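[1] sequence-free structure coming up:
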Ligand code: SF4
Ligand code: SF4
């Protein structure tokens, strides 16, 4: 079981907050990796909300190839953060040439493009770089998206944070998602490391998705190039989210209805029964199974948590106006927001979606039995 | 026969027969029950003579003979009376004095069974007990990494969809525009496949229908049953139970006059319409109901004169190309029920199944595809078709499912697998393996006869006389003296037993795999097999 911690804050905060939470929950991860997503950035990136930021790990050769490739596409570097690592290596953390966080100016001829077209193109560029990197093993890229930074590396989270010097102002953010990995099913591979990001949607999961293969087969056959990878069975959670919200134009309240639909009896009683019956049928291959606690974020910077149909994993949401934490264990939350009213902590149950919207005032629980905000 | 007489070519000895009777004279009370019950008159009461030589020890008294006459049972060796191994004689014998034994050597009956130039016809299925399905194991156990599911306690949703499911986007679009959305039924993934009224006896049919109604109405299990090609009794057509029934139409169109005329009087729509184009037991051959079984009732329901054999043509008369005829039939059957009832074809597994499937994907009226493998059973067919024609079900299902994935329609056209599922008794394991290879559900027929009515047929060629109306268990006979042996209530009870225990076993399989929220269709990562070539062919793991 991995450990998850996410926070959403009115003011930008240091990623160290989330890493501290992971450290408290240490017994649940084994140093096989950490993944970090930073969004709604403070610091220098505040001023360039439109500029896509490329996050990844590169070798010297890789960075040369990247520069040529990006130049060729018409992208100019706008700003970059260099993560300086100590000369002395740390056991358990691989030696890399360069951790890249670089914001780009969009090519001029993109000015007239629709937002959808821009997302599509950014995704295609990310996929291309990933493909080039896999070919020569010289680049690994995690996201290429405005206002978004992703850092993934093998090692113990706290050690990594020290090693990479993550406690710096430029990395402060209002949305932080962090995962400490417990390696169980798959060989250590950074592409298998949570969180998973696709076009503004991001999830991380604590669990085992036993319905992985049929879901992967379904997503891979949607004719959408971004639905790929799948080194981890949890990657599909992000893609299902993207498919439900972008592909099917539904709200976050429908996500749960896609991954764990209501059973017949409850479905019949639901105010949107006919719609949900159709949704359940047509999205049947996207039904997840096994124990899973999913934490995710949306392009509008809402943060949410959902559980599997049987609520087999722990998960808690709590905080105070302006700062909320989503944690796989209560001790993680206690470490980061000790002064909250713990009686207001919420452990979402099998039909709940717990959401903190970008105003960060309260935790909203949306039950699957309630009426939906339908696209119809 | 005496030793200096000439032999007929088909004169057989006991040793040439596939089944031999072991009879114990000491225990026999000559009650005559065995000879009365034997469906093929394989045994008869005979007088035997025994000679005892009396040696005299007195010189003046000559040696003498004593002849003793006694009665006993003798097995006939004529081809038409060859024992079929049904063991009804054993069943009725009060003293355990008689039993059939499989000839351990090679029988010669096969070479003579085509008397008068008629090749052997029989019921049952391919005479081979090999099963690739039995060798598939479920190897992806989630227990150690995560909390295990409890088959007895947790909530499981083990249902499937029968009907054309649109892609999520297309479905939403049509919902918005109030366009036509094809009908879809949520049903139990184990379906009782097409066995006609006619092939089955009235007791058997009634028992099946009662069992299915009970499962639906008392147990909340949406089990469905297909009629096979033989129409449907008029009262059932006009009853609310019709919704549990899949009506089959096949190339003989038997009973469809009655069905069409009943449409305006139907209280409920049928579950679905199955258009039979082929059957796994006899690919490329039509249905066959031999004259022995066409009594007045059967004739009335089928709309034919009594006492004649009813061979259905190999294919639908209207058919000259798949594009044209299958599409037309799907459409007209849909239209008959106002586009409210799913209509799907059933074909025999074949290396050409993919072509049919690809064609169906382009037709919104196609609600699914049932594929019947080489081990499918039948009430009557030529042995040569049964034993040598057809395609194994596992690889056919797999190919078709993988093809659907390739075109992204794996959820849109459900594939139903039939043929040999549970033929060695491993029903739930076989069904689960097929589902994880991509089937949306499975159809069973022979298994139902075996489990719910005590059919004694085996793949060692036991019994298999379903075609000629002498079924010793009353399952496939239209002779009231025989089918009275079967109590419909008992059959219904066994149907319920069968489904309930199947359900528990299915959960016992999927729970350790960490599945409970939906039927694990296409969960091929759970499967392994100890044969490298088979693993590759089926795209599953090779495990030893
Ligand atoms: S086993 Fe069946 S066929 Fe053979 S003698 Fe006994 S009753 Fe007759
Ligand atoms: S018992 Fe009846 S149904 Fe079974 S094989 Fe014999 S004749 Fe056929």
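    Sure, I can see it. All values derive from a computational prediction rather than experimental measurement. Ligands and ions are numbered 1, 2, ... in the order given.
[2] Correct me if wrong: residue A:323 contacts residue A:360.
    Yes: assessed by CB atoms under 8 Å, residue A:323 is found in contact with residue A:360 at 6.9 Å. The way it works is simple: take the backbone N, C-alpha and C, and place the C-beta from them, glycine included.
[3] Spit out the residues that contact those two alike.
    A:8-10 (CB atoms under 8 Å, 6 or more residues apart in numbering or on different chains).
[4] Residue A:323 and residue A:360: who's more crowded?
    Ranked by neighbour count (other CB atoms under 10 Å in any protein chain shown), residue A:323 and residue A:360 place residue A:360 first, with 23 against 20.
[5] before we move on, the earlier item: which among the shared contacts of residue A:323 and residue A:360 gets closest to ligand 1?
    Taking CB to the nearest ligand atom as the measure, ligand 1 sits nearest to residue A:8 out of the shared contacts of residue A:323 and residue A:360, at 78.0 Å.
[6] Where does the closest one sit: helix, strand or coil?
    strand (DSSP: H, G, I helix; E, B strand; the rest coil).
[7] What about the nearest residue to it once chain neighbours are set aside, how many residues nearby?
    Residue nearest to residue A:8 in three dimensions, not counting chain neighbours: residue A:303, with 4.5 Å by CB to CB, 6 or more residues apart in numbering or on different chains. Neighbourhood size, residue A:303 [other CB under 10 Å]: 28.
[8] What does the pLDDT read for residue A:303?
    Residue A:303 carries a pLDDT value of 97.
[9] same question, residue A:1
    pLDDT, residue A:1: 60.
[10] which element is the residue most central in space within chain A on?
    Geometric centre of chain A, nearest residue: residue A:202, 2.9 Å, by CA atoms, centre = their mean. Here residue A:202 sits within strand A:201-207, counting by DSSP states H and E.
[11] And residue B:512, by the same measure?
    Here residue B:512 is assigned to no helix or strand, by DSSP H and E.
[12] which residue sits closest to it in space, ignoring its chain neighbours?
    Using CB to CB, 6+ apart and skipping residues adjacent in sequence, the residue nearest residue B:512 is residue B:141, 4.9 Å away.
[13] Please tell me how far that neighbour sits from residue B:502.
    Distance, residue B:141 to residue B:502, using CB to CB, to the nearest Å: 21 Å.
[14] More neighbours: which of these two?
    Taking residue B:141 and residue B:502 together and counting by other CB under 10 Å, residue B:502 has the greater number of neighbours (23 against 13).
[15] wait, what's in contact with that one?
    Contact partners of residue B:502, counting by CB under 8 Å, 6+ apart, are B:190, B:427-428, B:431.
[16] again, but for residue A:104
    Contacts of residue A:104 (CB under 8 Å, 6+ apart): A:51-54, A:70, A:75-78.
[17] Any of those residues buried? List them.
    Restricting the contacts of residue A:104 to buried positions leaves A:51-54, A:70, A:75, A:78, with burial counted as 16 or more other CB atoms under 10 Å in any protein chain shown.
[18] Name the nearest of those residues relative to chain B.
    residue A:52 (27.3 Å; CB to the nearest CB).
[19] is the closest one in a bridge, and if so with what?
    Judged by DSSP bridges, the bridge partners of residue A:52 are residue A:146.
[20] quick one: it and residue A:145 touch, right?
    Yes: taking CB under 8 Å as the definition, residue A:52 is a contact partner of residue A:145 at 5.7 Å.
[21] joint contacts of those two?
    Residues touching both residue A:52 and residue A:145 (CB under 8 Å, 6+ apart) are residue A:122.
[22] Kindly give the local confidence score, pLDDT, for the nearest residue to residue A:272 once chain neighbours are set aside.
    Leaving aside its sequence neighbours, residue A:272 sits nearest to residue A:372 (CB to CB, 6+ apart; 5.0 Å). Looking at residue A:372, its pLDDT reads 90.
[23] Tell me how far residue A:372 lies from residue A:270.
    Computed as CB to CB, the residue A:372 to residue A:270 distance reads 8 Å.
[24] what is in contact with these two at once?
    residue A:276.
[25] quick revisit: what's the very next helix or strand once past the strand holding residue A:202 packed up against?
    Once the chain leaves strand A:201-207, the next helix or strand it forms, by DSSP H and E, is helix A:212-220. The helices and strands touching helix A:212-220, judged by 3 or more CB pairs under 8 Å, 6 or more residues apart in numbering or on different chains; DSSP states H and E, are helix A:235-242.
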